[in-house]
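Asker: What shape does this take:
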Amino acid sequence: DAMDLAKEESMRHPEIYIGKFMQINHHSPQGAFEINEHINFCFTCIGKTLPIEQQMALLLKEIFDYKVREIAQILDATEGVVKHLLVDARKTMHDIFDKRCSLINKTGACHQCSELNGLFNPRQEMQQQHLRLHTEDTHGMDAAQLFEWRTRIARAIDPYESKGADLQFCHMEHVRNVVEGRTLP
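Answerer: Numbers count the residues shown, from 1 in each chain. The predicted structure follows:
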């Protein structure tokens, strides 16, 4: 619920939060908003909601391309345990995405990405942003194919050097502050 709580706080104080995001977007050399970077951000955020063993197994397998046997060595577990961790992690992520992200619902972009795109790129059509991802149309994909699509995007982006790094770090700091109870009066 962290993203939802952060959004609610932003809507309560748009003059502060939205203003801060817009200032970064307009003035920072790394303040651009791009949907593919936001998908990476969401994948990272949702991945962090997993138990640490599932998170590590998922990142090692899907982002860093380790083999199951290699992950088993790293985690000091059996290959069977690693396979279970991966299945459980994917199921948990699917459950989270299905409730909060339209990628699972096959409309092509997450609802939050759509809202943020409308804020940062009010004159730009969502279809243009979608086409910039250089990916196939998501219609007709099942959950496993959509998961692979998201991990491909996450693998391709270095969050520290991306076009929107400052904006994403500000967003993450805002989410962290809200979750930890450090909100405005």
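
Asker: At the geometric centre of this protein, which residue sits there?
Answerer: Among the residues of the chain, the one closest to the centroid is Cys42, at 1.2 Å (CA atoms, centre = their mean).

Asker: Distance from the chain centre to whichever helix or strand that one is part of, please.
Answerer: Using DSSP states H and E, Cys42 sits within helix 35-47. Remark: helix 35-47 is offset 2 Å from the chain centroid, using CA atoms, centre = their mean, to the nearest Å.

Asker: What is the burial count for Phe41?
Answerer: Phe41: 25 surrounding residues under other CB atoms under 10 Å. Every residue, glycine included, has its C-beta placed from N, CA and C.

Asker: residue contacts, the residue lying closest to it once chain neighbours are set aside?
Answerer: Using CB to CB, 6 or more residues apart in numbering and skipping residues adjacent in sequence, the residue nearest Phe41 is Gln168, 5.0 Å away. When contacts are counted by CB atoms under 8 Å, 6 or more residues apart in numbering, Gln168 touches 37-38, 41, 159, 162.

Asker: if you set the cut-off to 7 Å instead, what comes out?
Answerer: Contacts for Gln168 (CB atoms under 7 Å, 6 or more residues apart in numbering) come out as 37, 41, 159.

Asker: Find the nearest non-adjacent residue to the residue in the chain sticking out farthest from the centre, please.
Answerer: Farthest-out residue of the chain from its mean C-alpha position, per CA atoms, centre = their mean: Thr78, at 29.3 Å. Nearest residue to Thr78, sequence neighbours excluded (CB to CB, 6+ apart): Ala72, at 6.0 Å.

Asker: Help me confirm that that neighbour comes into contact with His84.
Answerer: No - with contact defined as CB atoms under 7 Å, Ala72 does not reach His84; the gap is 11.4 Å.

Asker: quick one, which of those two is more surrounded?
Answerer: Ala72 (19 against 15).
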